[in-house]
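Requesting a structural model of the entry that follows:
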Amino acid sequence: MRIQVHQSPDCFAELKEAWQDLARTSDLATPFQTWEWHKTWFDHYGKTKRPYILAGYEGEDLVALYPLAKRGGLWSVLRSAGAGPSDYLHPLIRPNYEAKAESAFARHLADDSKASLIDLHQLRTDFSSLDLTAQNQIEQGTCLVLDLPKTFDEYLATLGKSLRYDVRKLDKSLFKEGKATIEPVTPDEIGQGLDILFEQHKKRWRKRGLPGAFLGKAQGFHHDWGRQAIEQGWLWLSILRFEGNPIGAIYAMTFGQTVYFYQAGFDPAHSSISPGTLLVAGTIRRSIEEGKTTFDFLRGDEPYKRRWKPQREYKNNRKIMAVNGIQGTFGARWNRMGSEIESKIRARLEGKGLV
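Model prediction:
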């Protein structure tokens, strides 16, 4: 396999069509592997970085991609592009080329990257191994995955009694009489819908004295990504209204046969009607009705996710490798320490419940 590095300012335009085709054909594709997600990430988070996109070719055919970002300074670092808002950052590879491509990528990173430090984020263990020599491996998160049955009633039967009681509110007077509604956001409403999500999310976290997930550049990033994703049919953003007023929102994405639960928010003043539970239940029901086979809760082993009876559990790993001399060694230690601090902060941020 021939590895080519794309790092010119025009590389996204050059790779767009082949990248999009690869995402359509790869079993490893999620929203976080798409051209649209990474182009938007570089637009918002890449001002001090430059692309370093590893492309694997068989002849003239693109069969594998691994988007990285390169940053100079005290030590030269190659880090996963998309780090921060992305839940999965494994390479994008065409079926039957997985082992060959990962081996070629690992060799390039170790021997040819000319970086002091390699820092790879959010590698889900069943999607990627990327064996690197002399690596530090850090667990970044747990991902819980639900295999969906054919009908929503069949799924309801697997849930605990108290959760079933709350979920069934979707079919009772609250919704039948129109007092409450869950409304999918349309492309024309995407900007307003995301603003509602940000506000509801902030209300939930403000009550706990924490800032939430949509800080700094995040809102601009999600507005730009959301406009593209909803046009592609990838974004499922829904608003829960009570007596006409928004009291909650859920941000999910779909790609292939999987739905990904990314974020949610709700007004704690209405916790008595279990807005978070109703939003998740409504999205799972929609997933089943549209023939999806998998509902991925993404990273975060939060107790409320366990209540939905996910059958599978995976780990996300971060792999850090010092490549060149003392700078790389110091950089690896520094980043490992930072990762430990980040893990403690994330443990505090992850909610104990979504009601």
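
Can you report phi and psi for Asp301?
Backbone geometry at Asp301, expressed as degrees, to the nearest 10, gives phi -90, psi 70.

residues contacting it?
Residues near Asp301 by Cβ atoms under 8 Å, 6 or more residues apart in numbering: Gly141, Thr142, Leu144, Glu313, Glu350. Glycine gets a C-beta too; all of them are placed from N, C-alpha and C.

Which of the helices or strands spans the third one?
Element membership of Leu144, judged by DSSP states H and E, is strand 135-147.

That strand pairs with which strands, parallel or anti?
Next to strand 135-147 in the sheet, as set by DSSP bridges, lie strand 294-299 (antiparallel), strand 312-322 (antiparallel).

re the thing from before, and the furthest pair within the contacts of Asp301?
Glu313 and Glu350 (15.2 Å; Cβ to Cβ).

quick one: Thr151 from Gly291, how far?
The gap separating Thr151 from Gly291 is 11 Å, by Cβ to Cβ, to the nearest Å.

Surely Thr158 is within a helix?
No - going by DSSP: H, G, I helix; E, B strand; the rest coil, the assignment for Thr158 is coil, not a helix.

neighbours of it, just the number please.
13 (other Cβ atoms under 10 Å).

neighbour-wise, which of Thr151 and Gly291 wins?
Counted by other Cβ under 10 Å, Thr151 and Gly291 do not tie: Thr151 has more neighbours, with 12 against 9.

For the more buried one, grab phi and psi.
phi -130, psi 150.

Can you pull the phi/psi pair for the spatially closest residue to it that is not a sequence neighbour?
Of all residues not flanking Thr151 in the chain, Ile288 sits nearest, at 6.6 Å (Cβ to Cβ, 6 or more residues apart in numbering). With angles defined as degrees, to the nearest 10, Ile288 sits at phi -70, psi -40.

same question, the one 4 residues further on
Main-chain dihedrals, Lys292, degrees, to the nearest 10: phi -70, psi 150.

ok, the residue nearest to Thr151 - contacts?
Ile288 sits next to Leu148, Pro149, Lys150, Thr151, Phe152, Tyr155 when contact means Cβ under 8 Å, 6+ apart.

Same check on Glu199?
Applying Cβ under 8 Å, 6+ apart to Glu199 gives the contacts Pro246, Gly265.

Distance of it relative to Gly265?
Between Glu199 and Gly265 the computed distance is 7 Å (Cβ to Cβ).

Equivalent analysis for Phe152, please.
For Phe152, the distance to Gly265 - Cβ to Cβ - is 24 Å.

When these two are compared, which one has more neighbours?
For Phe152 versus Gly265, neighbours defined as other Cβ under 10 Å are more numerous around Gly265 (28 against 19).

can you confirm the more buried one is in a strand?
Yes - assignment of Gly265 by three-state DSSP places it within a strand.

Helix, strand, or coil at the nearest residue to it once chain neighbours are set aside?
Distances taken as Cβ to Cβ, 6+ apart put His201 closest to Gly265, at 2.9 Å, once the chain neighbours are dropped. Under the three-state scheme (three-state DSSP), His201 adopts helix.
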